[in-house]
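Trainee: Got a sequence here, can you build the structure:
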Amino acid sequence: MMMNEVKAGISMERLRGADEFVGRMIAEGKLAGAVSLVAKAGRTISLRAQGFQDRERELPMREDTLFRIYSMTKIVTTVVVMALYERGVLDINDPASKYLPGFRDLPVLQPDGSQVPSCRDVTIYDLLRHCGGVDAAAGADVLRESYTLESLAEEFGERPLIFQPGTTWKYSASTDLLARVVEVVSGERFDAHLRRTVFEPLGMRDTGYFVEDARAGRLSVCYHHAADGSLTVQDGAGSESPFRREPKLFGGGSGLVSTAGDYARFAAMLLGGGTLEGCRLLGRKTVELMTLDHLPPEHPNLAIGTQVFRFGLGVSVLTDIAQSRCLSSLGEYGWGGAAGTQVWINPAEDLLALIMIQVRADIPTGIMDIYKRLVYQALV
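Mentor: Okay, here's the model as predicted:
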């Protein structure tokens, strides 16, 4: 490869800086390994596996290593909800109580512990943008073993809301409740609905809620990065892992296992306006609606680490590059997962980038932000 080679508007020499940065993080013991992917103008420009999927056993990371994607599940759930909306099966303006009876006339908890009536019922729209007054659930790994979508929805239907619907953004169990809505509307278990309507049409053969024995050799260990810098095993890849057996909860907000290649196909579908290789999952206008700013106009910007953003339907949305203080474009959207998986989708540049790692960190490491910066600085 020539040092000055350019592919689809990306300097390959400069893009190597992103790979070198990941390599340094591995060498410094901050990561065990990673798989990264950059695609532009419909072409995969770079797919790189580095380090180990199991550092203790010295099993090298593979391009098809399986990762717990945690909250990147939320974008998939949003897509199936919006597909049902397109078909007229549900309306995003419907009250959630139309499908989840316990959500009718929920009271709102006050700071002093008292309760007041809600100004209106929570809607599907509120749940899509995390503005429904719903609280967070237990940890994702606990949920897998303890609930079904039905029992989780029933429990939240017995809780008061924590703020008036439509007034505030709070990251919550909303997307799990949307998955239950999908079950009620479709008459299918949520995992089966995802498989039939998303995974099989897009050729996402490695995406699902658990890893059976035949694929177990590709599941990455998940590590814990402590505040003191130590990196220890948080969840192994053996039979002891909850991701090695079928869960009780097929979560809408978390729970999927996937590969960089599989998730890149899903992201490419969104970047293509709802279509990939002749397979259309959503209409172009529906993707446009998803990726607008849907926060209340007076709501302050959101922030995770150094990222500053607004929120659409199931995705973060970048609306102010200066406020975000990052290399990007207006309209970029995406989301990440608790163990360090992240996707950025940029229609203005016809670009998608993602990185898959498996690290639950006590404090933000900044790795994701720096990786993104090093991808964007390679644009020419």
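Trainee: quick one: contacts for the nearest residue to residue 97 once chain neighbours are set aside?
Mentor: Leaving out its chain neighbours, the residue that sits closest to residue 97 by C-beta to C-beta, 6 or more residues apart in numbering is residue 104, at 3.8 Å. The C-beta positions use only the backbone N, C-alpha and C, and glycine is treated the same way. Neighbouring residues of residue 104 by C-beta atoms under 8 Å, 6 or more residues apart in numbering: 95, 97, 121.
Trainee: Check the offset of the worst-scoring helix or strand of the chain on mean pLDDT from the chain's centre.
Mentor: Least confident element among the helices and strands of the chain, by mean pLDDT, DSSP states H and E: helix 140-146 (a mean of 78). Chain-centre distance of helix 140-146: 17 Å, with C-alpha atoms, centre = their mean, to the nearest Å.
Trainee: So which residues of the stretch 251-380 of the chain form helices?
Mentor: Ranges of helices in the stretch 251-380 of the chain, per DSSP state H, counting those that start in this stretch, are 260-271, 284-290, 321-324, 367-376.
Trainee: Low-confidence regions, the protein specifically.
Mentor: Scanning the chain for pLDDT under 70 picks out the ranges 1-3, 139-140.
Trainee: Need the nearest residue in space to the residue nearest the centre of it, chain neighbours excluded.
Mentor: Per C-alpha atoms, centre = their mean, the C-alpha nearest to the average position across the chain is that of residue 72, at 1.5 Å. Leaving aside its chain neighbours, residue 72 sits nearest to residue 337 (4.6 Å; criterion: C-beta to C-beta, 6+ apart).
Trainee: Next: residue 7.
Mentor: residue 45 (5.1 Å).
Trainee: And for residue 141?
Mentor: residue 242 (5.8 Å).
Trainee: One more: residue 101?
Mentor: Leaving out its chain neighbours, the residue that sits closest to residue 101 by C-beta to C-beta, 6+ apart is residue 157, at 7.0 Å.
Trainee: The one you found: how many residues sit nearby?
Mentor: Using other C-beta atoms under 10 Å, residue 157 has 16 neighbouring residues.
Trainee: Next one: the residue nearest to residue 97 from residue 117, what distance?
Mentor: Residue 104 is 12 Å from residue 117, where distance means C-beta to C-beta, to the nearest Å.
Trainee: Next, residue 154: secondary structure please.
Mentor: Secondary structure for residue 154, judged by DSSP: H, G, I helix; E, B strand; the rest coil, is helix.
Trainee: Much appreciated, bye for now.
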